[in-house]
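A.B. asks: coords please:
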Amino acid sequence: MTWGTTRQRLVRGLLKAFRHQRRGFTLIELLVSIIISSIIVSALLYLVTELNRFNGREELLTDTQQNMRRALDFMVSDVSEAVYVYSSPPADIIDNQLQPDGSFPAAAEATPILAFWRLDPVDTDGLDCDAVAAAKQDECTTLLIRHSAYTLVVYLQNNNDVDDIWQGPSRIIRYELSKYTDVSNLDQRAGYQDPTLDANNFADWEANGTPEGVAQVLTDHVAAPQSLATADVAACPATATFERTPADSNTFYTCIQSGAAAVGSNNADEEILNRTNQSLLISLTGNAARTTDGSGDILVGNSGQAGRLPSLQAEVLVRGVIEKPR
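C.D. replies: The predicted structure is shown next:
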């Protein structure tokens, strides 16, 4: 074999190999590669989506629980300043006197949970008793001494509708009926009546006309009210006489100590102690669900109660109590 022949065979072999390399992938090879790549990409996308969804769900649960804690702390701070706490929101006041006002939530939608009177500071800077009407001279003098006035506060639980801007099954509303709209002229809010001047005092307070209070939402994402059997209702402390509101729900309720001695006790000292130091318990349960269906059931994905959070409780000792309910 001559060198020329060998060189020709080597060149033909290199050209054949070069043509083979330029041939590329077959259609089947491309389809298999695309299918495998799609499976891998889909799995990665699903994993990323689930991680984002899980993180979003956990953040929502955490934020909701923090909001419940802040709402509970606010109510505790609010009622701790009370001078008179109703053992249960009186129907003759809530239904007959506050309900006619458009600012008070309708009874069909909202449930009163906690009602009390508190002393709020009044800014008397600029108040000139010589400039007010003669009939208000005594009131002006008293206000300059006390620098405070009584305010009626009511907390209610209101169901949320699907089309509401509020999220979750229900929300808490704080209703306030303060005394003055304009302190400089001692203009009182419509319907307000000073409980210390009323013949029946705090217990049987009556409005002076139709009250025009202010209602504001404290928080939403509150678990929906329940209608539980007696055996399923969380019991109030058994160490004293407590009244529970509402009687059939564990989502947002209060246990308020009345002035009477414990059942079966004739201890007069115990009754005096109860009337001096009134204690109450507030329980609140949040739910991170964003929507509800027509029956009020919680909807989080396909799980009925996935958004429900652990209950939070706080006990308050109210020392500044005036004529507590018997």
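
A.B. asks: Burial check on Arg290, number of neighbours?
C.D. replies: Arg290 sits with 14 neighbouring residues when counted by other Cβ atoms under 10 Å. C-beta coordinates here come from the backbone N, C-alpha and C atoms, glycine included.

A.B. asks: Actually, Val83.
C.D. replies: Count around Val83 with other Cβ under 10 Å applied: 19.

A.B. asks: can I assume it is in contact with Arg118?
C.D. replies: Yes. With contact defined as Cβ atoms under 8 Å, Val83 reaches Arg118; the gap is 6.2 Å.

A.B. asks: Now do the shared contacts for the two.
C.D. replies: Each of Tyr150 lies in contact with both Val83 and Arg118 under the rule Cβ atoms under 8 Å, 6 or more residues apart in numbering.

A.B. asks: where does the protein dip in pLDDT?
C.D. replies: Applying pLDDT under 70 to the chain flags the ranges 1-8, 10-11, 13-25, 100-102, 106-108, 198-200, 239-240, 259-277, 291-306, 319-326.

A.B. asks: can you do 50?
C.D. replies: Applying pLDDT under 50 to the chain flags residues 262-263, 268-275, 293-304, 324-326.

A.B. asks: Which helix or which strand is home to the residue nearest the centre of it?
C.D. replies: Centre of the chain computed as the mean C-alpha position; nearest residue by Cα atoms, centre = their mean is Thr219, 3.5 Å away. Element membership of Thr219 [criterion: DSSP states H and E] is strand 214-222.

A.B. asks: what's the following helix or strand after that strand?
C.D. replies: Using DSSP H and E, the helix or strand that follows strand 214-222 in sequence is strand 242-245.

A.B. asks: Give the other helices and strands that the next helix or strand after that next one contacts.
C.D. replies: The C-terminal neighbour of strand 242-245 among helices and strands, as given by DSSP H and E, is strand 252-257. Strand 252-257 makes packing contacts with strand 110-121, strand 242-245, strand 278-284 when contacts are defined by 3 or more Cβ pairs under 8 Å, 6 or more residues apart in numbering; DSSP states H and E.

A.B. asks: The ones you listed into CSV, with extra columns for mean neighbour count?
C.D. replies: Converted to CSV, these look like this (neighbours: other Cβ atoms under 10 Å):
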stretch, mean neighbour count
strand 110-121, 21
strand 242-245, 18
strand 278-284, 22
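
A.B. asks: Out of these, which is closest to Pro211?
C.D. replies: Closest to Pro211 of the helices and strands packed on strand 252-257, according to Cβ to Cβ: strand 110-121, at 13.0 Å.

A.B. asks: Show residues contacting the closest one.
C.D. replies: When contacts are defined by Cβ under 8 Å, 6+ apart, strand 110-121 is touched by residues 75, 78-79, 81-86, 89-90, 93-94, 147-159, 173, 178, 195, 202, 225, 245-246, 252-254, 256, 282.
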